[in-house]
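J.: pasting the sequence and the predicted coordinates here, then a few questions.
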Amino acid sequence: MSQRNKLQKFAEVLTFPNVYENFDATNPSLAGENGEKVELKGHWADRHFKNSNPITLELACGKGDYAIGLAQRFPERNFLGVDIKGARIWRGAKSALELGLTNVAFLRTRIEQIALFFKPGEVDEIWITFPDPFLRNSKSNRRLTSPMFLKEYRKILKPGGFVHLKTDDPTLFDFTMEVLQEEKDVKVQYHDHDIYAKPLPIPELEIKTFYEKQHLAIGRTIKYVRFSLG
């Protein structure tokens with residue numbers, strides 16, 4: 001993508017009513033449409049979505065394939081795609097606007113700062129779909145199911161709220177299962193090394209991202225685990 005194209009997208013996304021951005025990680029705060037400062041912590045449902053429906057996050061959402069797919073299937077729920085890449089957020093938000101989806105929005109921030117923008121128990125569910133597995137052991141703490149990130153999820157998830165991981169990467173999946181075994185308050189509800197080899201346990205797994213379709217095309221198996229924190 002050319003620098004000019006990126007700048008155009010960054011300018012356009014500022015005008016979107018379904019995007020909120022944390023521009024400065026050293027001084028975190030949220031800006032919404034036209035760069036206006038907003039305070040949504042504890043008020044995502046009533047101030048943005050204008051309802052009291054439960055909220056689901058898709059972390060490292062990329063272009064928002066899963067958040068949009070979930071929003072289409074579950075109009076009675078609210079969904080937020082979270083990513084740090086502005087061009088990806090632009091694509092997801094633009095697609096949601098084109099589809100007329102009012103129950104999905106996007107948050108641009110570093111995921112390690114996610115607890116700054118939600119009150120305890122404000123989030124009902126978290127999906128992590130095909131994140132970067134950070135295969136080098138020296139970067140294992142950057143994996144989105146590492147203890148560091150689980151600590152942040154506990155701060156915002158309602159008691160017993162589910163976290164879902166869907167991945168093609170065996171290293172990330174095995175690492176996650178090992179972490180979950182060591183965490184005292186974790187309850188693994190379901191796990192499978194090859195979800196499409198049998199009937200799917202929940203309909204949400206039918207959604208396929210761009211990357212998942214690529215993985216399936218070259219014969220990779222898709223792994224899934226669902227667990228609750230506390």
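T.: Noted; the coordinates are in hand. Residues are numbered from 1 along each chain as shown.
J.: list the contacts of the lowest-mean-pLDDT helix or strand in the chain.
T.: One helix or strand of the chain scores below all others by mean pLDDT, DSSP states H and E: helix 3-13, with a mean of 80. When contacts are defined by C-beta atoms under 8 Å, 6 or more residues apart in numbering, helix 3-13 is touched by residues 19, 21, 86-87, 89-90, 93-94. C-beta here means a position set from N, CA and C on the backbone, and glycine is covered the same way.
J.: chain center to that helix: distance?
T.: In terms of C-alpha atoms, centre = their mean, to the nearest Å, the centre of helix 3-13 is found 23 Å from the chain centre.
J.: by contact count, what packs against the next helix or strand along the chain from that helix?
T.: Downstream of helix 3-13, the first helix or strand assigned by DSSP states H and E is strand 19-21. Using 3 or more C-beta pairs under 8 Å, 6 or more residues apart in numbering; DSSP states H and E as the contact test, the elements touching strand 19-21 are strand 30-31, helix 86-99, strand 104-108.
J.: please name whichever of these is nearest to Leu59.
T.: For Leu59, the closest of the helices and strands packed on strand 19-21 is strand 104-108, at 9.8 Å, according to C-beta to C-beta.
J.: what packs against that closest one?
T.: Going by 3+ C-beta pairs under 8 Å, 6+ apart, strand 104-108 lies up against strand 19-21, helix 65-73, strand 78-83, helix 86-99.
J.: for these, which one sits closest to Glu182?
T.: strand 78-83 (25.5 Å).
J.: just give me the neighbour total for Phe130.
T.: 23 (other C-beta atoms under 10 Å).
J.: quick one: contacts for it?
T.: Phe130 sits in contact with 62, 166-168, 209, 211-212, 215, where contact means C-beta under 8 Å, 6+ apart.
J.: can you tell me, leaving aside adjacent residues, what's nearest to it?
T.: Take Phe130 and drop its neighbours on the chain: the residue closest to it by C-beta to C-beta, 6 or more residues apart in numbering is Tyr211, 4.9 Å away.
J.: and the host helix or strand of the one you found, what's buried?
T.: For Tyr211, the host element (DSSP H and E) is helix 210-217. By 16 or more other C-beta atoms under 10 Å, the buried positions in helix 210-217 come out as 212, 215.
J.: just stretch 13-22 next, same as before
T.: Buried residues in stretch 13-22, defined by neighbour count with 16+ other C-beta under 10 Å: 13-14, 16, 18-22.
J.: equivalent analysis for stretch 141-155, please.
T.: Buried residues in stretch 141-155, counted by 16+ other C-beta under 10 Å: 142-146, 149-150, 152-155.
J.: coming back round to it: distance to Pro201 and pLDDT for the contacts of Phe130 - can I get that in CSV?
T.: As requested, the contacts of Phe130 are exported to CSV (distance: C-beta to C-beta, whole Å; pLDDT from 0 to 100):
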residue, distance to Pro201, pLDDT
Gly62, 24, 93
Lys166, 12, 98
Thr167, 16, 97
Asp168, 18, 97
Thr209, 19, 90
Tyr211, 21, 87
Glu212, 17, 94
His215, 20, 92
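J.: need the residues you listed in CSV (columns: distance to Ile128).
T.: Converted to CSV, these look like this (distance: C-beta to C-beta, whole Å):
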residue, distance to Ile128
Gly62, 11
Lys166, 7
Thr167, 8
Asp168, 13
Thr209, 12
Tyr211, 13
Glu212, 13
His215, 15
